[in-house]
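> build me a model:
(one chain, ligands or ions: 2)
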Amino acid sequence: MRKIAILPSLLAADYGRLADEIRRAEASGADALHVDIMDPSFVPNLSFGPDIVALARRTAPNFHRNVHLMMRRPDLYLEAFARAGAQTLQIHIEADCDLHTELRRIRARGLRPAIVLNPETPVERLVPYLGEVDEVLVMTVHPGRGGQKFIDACLPKIAWLRARGPELDIMIDGGANAETVVAAHAAGANQFVAGSYLYGQADMKAAVADLRERIGAK
Ligand code: DX5
Ligand code: ZN
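Numbering: from 1, shown residues only. Ligands and ions are numbered 1, 2, ... in the order given. As a prediction, this is how the structure comes out:
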């Protein structure tokens, strides 16, 4: 049975209390922390660097760190993020590097390699990499900021992937809430990143439990 996972995205946290916000995510019963790293030559924004991944490791050592590299040259930074404590490293298929080499490097470093697909990128482009990753992240918004609307047109990509990879971890990122998570799960996703939805809750623990219940994973 594929494991259902809920991942709060730190991007939507209160930056004045980052350590508390990391603890809040861990205490919510979520499965991992999603950390968004943005390079302005790849997305129209900037966010965190390796020090924030190190903060997460220091603050919640046993809370898995799922690190999303929205970077044009992730190859130049893999080692820095690995040293900071990343445990899953997600690199974009749209990046400007040799993906086979970098996915292998991530695995050789003892970390979980994952590949990410933007909304406008055809899912068939993933075929050469499916044997080399533990996880595929299907972007359900255009990367670069939180709080956007879920793009329903991405759902068929999830179904396509699930048909080819019954055991693959398929994650969605962007616009997740109590309704869109149900639709993504029905299409075949088993891992769900939620930023503004979860961090916007007074009771994150109740919201995580509610999401699990809605997808039948109590
Ligand atoms: C978008 C990031 C997402 C973001 C999602 O560029 O990759 O992880 O935090 O935010 P929400 O859940 O608010 O759409
Ligand atoms: Zn993300």
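> what residues does this protein have near ligand 2?
36, 68, 173 (CB under 5 Å from the ion). Using the backbone N, CA and C atoms, a C-beta is placed for each residue, glycine as well.
> can you rerun that using 6 Å?
9, 34, 36, 68, 173, 193 (CB under 6 Å from the ion).
> could those go into JSON lines alongside neighbour count?
As requested, the residues of the chain next to ligand 2 are arranged in JSON lines below (neighbours: other CB atoms under 10 Å):
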{"residue": "9", "neighbour count": "24"}
{"residue": "34", "neighbour count": "30"}
{"residue": "36", "neighbour count": "26"}
{"residue": "68", "neighbour count": "28"}
{"residue": "173", "neighbour count": "25"}
{"residue": "193", "neighbour count": "29"}
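> now, those residues that are in strands?
Assigned to strands by DSSP state E, the following of these qualify: 34, 36, 68, 173, 193.
> so which of these comes closest to residue 118?
residue 173 (10.6 Å; CB to CB).
> picking that back up, quick one: the ones in strands among the residues of the chain next to ligand 2 as a markdown table, columns for distance to residue 150 too.
As requested, those are arranged in a markdown table below (distance: CB to CB, whole Å):
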| residue | distance to residue 150 |
| --- | --- |
| 34 | 16 |
| 36 | 17 |
| 68 | 17 |
| 173 | 10 |
| 193 | 12 |
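> go back to these and keep what's next to ligand 1.
34, 36, 68, 173, 193 (CB under 6 Å from any ligand atom).
> kindly state the beta-bridge partners for the second one.
Legend: beta-bridge partners of residue 36 under DSSP bridges are residue 68.
> so where's the chain uncertain?
1, 218 (pLDDT under 70).
> ok, now which ones touch the single nearest residue of it relative to ligand 2?
For the chain, the residue closest to ligand 2 is residue 68, as judged by CB to the ion, at 3.8 Å. Counting by CB atoms under 8 Å, 6 or more residues apart in numbering, residue 68 touches 34, 35, 36, 37, 90, 116, 137, 173, 193.
> same question, residue 149
141, 175.
> and it, that's in a helix?
No: with DSSP: H, G, I helix; E, B strand; the rest coil as the criterion, residue 149 is coil rather than part of a helix.
> now the strands: where do they sit in the protein?
Under the criterion DSSP E, the chain contains strands at 5-8, 32-38, 64-70, 88-92, 112-117, 135-139, 169-173, 191-194.
> okay, those, which one's buried deepest?
Across those, the average number of neighbours (mean count of other CB atoms under 10 Å) peaks for strand 191-194, which reaches a mean of 28.
> still on that earlier bit, with distance to residue 26 added, can I get the residues of the chain next to ligand 2 in TSV?
Shown next, in TSV, are the residues of the chain next to ligand 2 (distance: CB to CB, whole Å):
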residue	distance to residue 26
9	14
34	13
36	17
68	18
173	19
193	16
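> who touches stretch 177-188?
Against stretch 177-188 from outside (CB under 8 Å, 6+ apart): 4, 140, 150, 152, 155-156, 158-159, 161-163, 170, 172, 176, 192, 194, 197, 210-211, 214-215.
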